[in-house]
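Enquirer: What follows is a predicted protein model with its sequence.
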Amino acid sequence: MTQDFRSARFWAAELMEGALYPGARAVDATMGNGHDTLWLCRQVGPAGRVYAFDVQGEAVARTRALLEKEGLADIVELFLDGHENMAARVKEPVDAVMFNLGWLPGALHGVTTLTETTLRAVDAALLLLKPEGLLTVCVYPGHEEGSREEAALLQWASNLDEGRYDALLKRYLNQPNHPPLMIAVKRKKQKRHLS
Ligand SMILES: C[S@@+](CC[C@H](N)C(=O)[O-])C[C@H]1O[C@@H](n2cnc3c(N)ncnc32)[C@H](O)[C@@H]1O
């Protein structure tokens with residue numbers, strides 16, 4: 001029996017599994033209800049560290065409650081702040097940065113990620129990545145701002161320096177209603193310079 005193709009979030013997690021290990025450092029750029037933060041904490045374990053961002057107090061509260069329930073609150077730093085300010089908050093290189101754009105599930109559709117700040121944040125995230133570090137972005141083009149983010153991020157990723165990064169796109173080609181897509185960027189291994 002063949003497996004179905006699954007979803008953008010699954011594709012991101014599948015790639016992330018290859019980038020994370022016990023003791024790794026990771027960023028959840030959009031904590032929402034905390035499911036991705038929790039998943040990252042489980043991947044990095046007690047020797048690791050996860051930094052998570054959201055602009056909504058409700059998201060931070062839900063995530064904190066979830067991590068406390070799971071006994072993983074010590075691994076994580078939760079910031080009530082925009083991911084575009086990541087560089088000021090995260091003071092060490094990281095193995096992985098995960099973005100899951102859009103709205104907070106289960107809340108009013110008032111606060112969504114915005115193209116301008118998303119672009120600033122993915123740029124900041126690239127600067128934090130260790131060599132061979134991974135960035136994933138799940139994009140939801142089924143709403144107006146999501147469609148703008150899709151166009152801007154595809155352009156951004158297509159223009160990354162091929163000597164320093166590999167950029168990947170995974171998406172459905174034949175489904176209605178603009179299904180989510182996944183963009184992944186891997187920082188290449190540093191080349192050794194001969195002197
Ligand atoms: C689709 S949800 C994330 C889902 C989440 N990863 C989870 O596992 O439940 C997107 C989140 O991005 C947040 N967000 C919007 N603008 C943001 C910004 N500038 N920085 C960080 N988070 C932001 C929203 O408040 C929302 O909670």
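Expert: Sure, I can see it.
Enquirer: what's around the residue in the chain positioned nearest to the ligand, how many residues?
Expert: Using CB to the nearest ligand atom, the closest approach of the chain to the ligand is made by residue 32 at 2.5 Å. (Each C-beta comes from the backbone N, C-alpha and C, glycine too.) When neighbours are defined as other CB atoms under 10 Å, residue 32 has 22 of them.
Enquirer: so who does it touch?
Expert: 54, 59, 62-63, 100, 104-105 (CB atoms under 8 Å, 6 or more residues apart in numbering).
Enquirer: please redo it, this time with the cut-off set to 10 Å
Expert: 52, 54, 56, 58-59, 62-63, 100, 102-107 (CB atoms under 10 Å, 6 or more residues apart in numbering).
Enquirer: tell me which element the residue most central in space within the chain is part of?
Expert: When CA atoms, centre = their mean is applied to the chain, the residue found nearest the centroid is residue 98 (1.4 Å). For residue 98, the enclosing helix or strand under DSSP states H and E is strand 94-100.
Enquirer: who does that strand pair up with?
Expert: Taking DSSP bridges as the criterion, strand 94-100 forms sheet pairs with strand 25-28 (parallel), strand 129-139 (parallel).
Enquirer: Most tightly packed of those?
Expert: Ranked by mean neighbour count, the strands paired with strand 94-100 are led by strand 25-28 with a mean of 27 (mean count of other CB atoms under 10 Å).
Enquirer: quick revisit: what would the strands paired with strand 94-100 look like in CSV with mean pLDDT and distance to the ligand?
Expert: Formatted as CSV, the strands paired with strand 94-100 follow (pLDDT from 0 to 100; distance: least, CB to the nearest ligand atom, whole Å):
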stretch, mean pLDDT, distance to the ligand
strand 25-28, 98, 6
strand 129-139, 98, 8
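Enquirer: Go through these and name the closest to residue 148.
Expert: strand 129-139 (10.2 Å; CB to CB).
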